[in-house]
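>>> Provided below are the primary sequence and the corresponding predicted coordinates.
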Amino acid sequence: MTTDAVVINRRGPVLHARINRADSGNACSSAVMAGLEGWLEEAHAPEVRALVLTGTGRSFCAGADMAEGTALLADPKALQAFLRRGRDLVFNLRSAPVPTVAAVNGAAYGGGLELTLACDIAIAGQSARLGDRHLRVGQVPGWGSSAMLPSAVGQAWSRRLLLTAEALTAAEAASIGLVTQVVPDDELDAAALRLATSMAEHEPEVSTRMLRLARASRAEETSAWDLEWQAQLENLAAQRPGPQPHLHADPD
C-alpha cells in the first residue's frame, strides 16, 4: 500500500511505513494519520509479525501539521477532532498487535517524539534529534509525551525534556534510554529491519504473550494520558485565532 503521505511495504514478516512529506518535515497531517491508521489495520494480518516506522529525508516527524492545525483555529470542534485523531493514532500504535520499531532518521519533535515513544523500541541515525519542544511553540503535549516519557527515561529526564523544550542528539538520547541504538544514517534502515525481523522470528502465540508482559507497566499511564488531554483542551480554550499558535510542528 502506498499513498502520497505514507509509503507502506512488506519486507518479509515486517510491515514498514515511511512518512513521506519531506517538504514539511514529515509533519503529521490528516493524510499522514490516514496512512498510518491503514498501516496499523494491516498489522492485524497473520503474516505481519513486526512493524517499522520511519520518515523520508532529514526528518522522522516534526510534529502535527502546523498549517492544517492553524487553519482550524477558528473552528474549535474541528481542531479538537484533528488533535484527538492524532492522540488516538499514537495510543493505537502503542497497543499494536505486534512489536514496533521507530527508526528515527532525523528530527523527532512534538508529535514525532510521541510516535517514537509509542513504539516498543526506538533506534536512531546519528544525525537524529529528539525533543518534546511543545513549550517552544506555546503548547502542551496532547499525544502522550508527558504520560510516556517518565517510563521511558525516568522522572528527572522527563521533567527536563518537558520543561526546557530542548532537543537531544542521538547520542544523548541513547545515553538516557530514549533510543536503544545509534547507527550511521545510511545504515539505519537495515538496522531497523534486522531488529524487527529478529522479533518476528519467534513463535507467534508466545511472542504475543511476551509482548503483553513487556508492555505491562503502561497500565499505570492511564491517568497521565487523561490529565494531559485535559491540559491540551485548557490550552486550546485559552488561545485565539491568529498566526501565533503553532501546535506541535517544530522543524528546527
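Here it is on my side, so go on. In this text, all values refer to a predicted model and were calculated from it rather than measured experimentally. Residues are numbered from 1 along each chain as shown.
>>> before we move on, which element is Glu228 in?
helix 222-237 (DSSP states H and E).
>>> Show residues contacting that helix.
Residues outside helix 222-237 that contact it (CB atoms under 8 Å, 6 or more residues apart in numbering) are 76, 79-80, 83, 87, 91, 139-142, 144-147, 150. To be clear about C-beta, it is placed using only N, CA and C from the backbone, and glycine gets the same treatment.
>>> could you redo the last one with a cut-off of 10 Å?
With contacts defined as CB atoms under 10 Å, 6 or more residues apart in numbering, helix 222-237 is touched by 73, 76, 79-80, 83-84, 87, 90-91, 94, 134, 138-151, 218, 221, 245, 247.
>>> Now, these that are in strands?
If you go by DSSP state E, the contacts of helix 222-237 have nothing in strands.
>>> List the buried residues of the helix holding Glu228.
For helix 222-237, burial by neighbour count (16 or more other CB atoms under 10 Å) applies to 224-225, 228-229, 232-233, 235-236.
>>> check contacts around His44.
Contacts of His44 (CB under 10 Å, 6+ apart): 96-98.
>>> quick one: pLDDT of it?
His44 is assigned a pLDDT of 97 by the prediction.
>>> Correct me if wrong: Ser146 contacts Val140.
Yes - using CB atoms under 10 Å as the test, Ser146 is close enough to Val140 to be in contact (7.7 Å).
>>> Tell me the residues that contact both of these two, please.
132, 134, 162, 228, 231-232.
>>> Tell me the one among the residues you listed nearest to Asp65.
Nearest to Asp65 out of these is His134 (CB to CB; 15.0 Å).
>>> What separation do you get for that closest one and Glu42?
Distance check for His134 against Glu42: by CB to CB, to the nearest Å, it reads 31 Å.
>>> ok, now Gln230?
Note on Gln230: its distance to Glu42, by CB to CB, is 33 Å.
>>> do Asp65 as well
Distance from Asp65 to Glu42, by CB to CB: 23 Å.
>>> again with Asp226
Separation of Asp226 from Glu42 (CB to CB): 29 Å.
>>> and if you look at Ser30?
Where Glu42 is concerned, Ser30 sits at a distance of 19 Å (CB to CB).
>>> Can you tell me the centre-most residue of this structure?
In the chain, the C-alpha nearest the mean C-alpha coordinate belongs to Leu115, at 0.7 Å (CA atoms, centre = their mean).
>>> moving C-terminal of the strand or helix carrying it, what's the next helix or strand?
Using DSSP H and E, Leu115 falls within helix 111-118. Following helix 111-118 in sequence order, the next helix or strand is strand 121-125 (DSSP H and E).
>>> And that following strand, what does it pack against?
Contacting strand 121-125 under the criterion 3 or more CB pairs under 10 Å, 6 or more residues apart in numbering; DSSP states H and E are the following elements: strand 50-55, strand 59-61, strand 100-104, helix 111-118, helix 170-175, strand 181-183, helix 188-200.
>>> can you redo the ones you listed as a markdown table with mean pLDDT?
Output for these, formatted as a markdown table (pLDDT from 0 to 100):
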| stretch | mean pLDDT |
| --- | --- |
| strand 50-55 | 98 |
| strand 59-61 | 97 |
| strand 100-104 | 98 |
| helix 111-118 | 98 |
| helix 170-175 | 98 |
| strand 181-183 | 98 |
| helix 188-200 | 98 |
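>>> would you list those in a markdown table and tack on distance to Ala34?
Below are the helices and strands packed on strand 121-125 laid out as a markdown table (distance: least, CB to CB, whole Å):
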| stretch | distance to Ala34 |
| --- | --- |
| strand 50-55 | 15 |
| strand 59-61 | 15 |
| strand 100-104 | 19 |
| helix 111-118 | 15 |
| helix 170-175 | 29 |
| strand 181-183 | 30 |
| helix 188-200 | 23 |
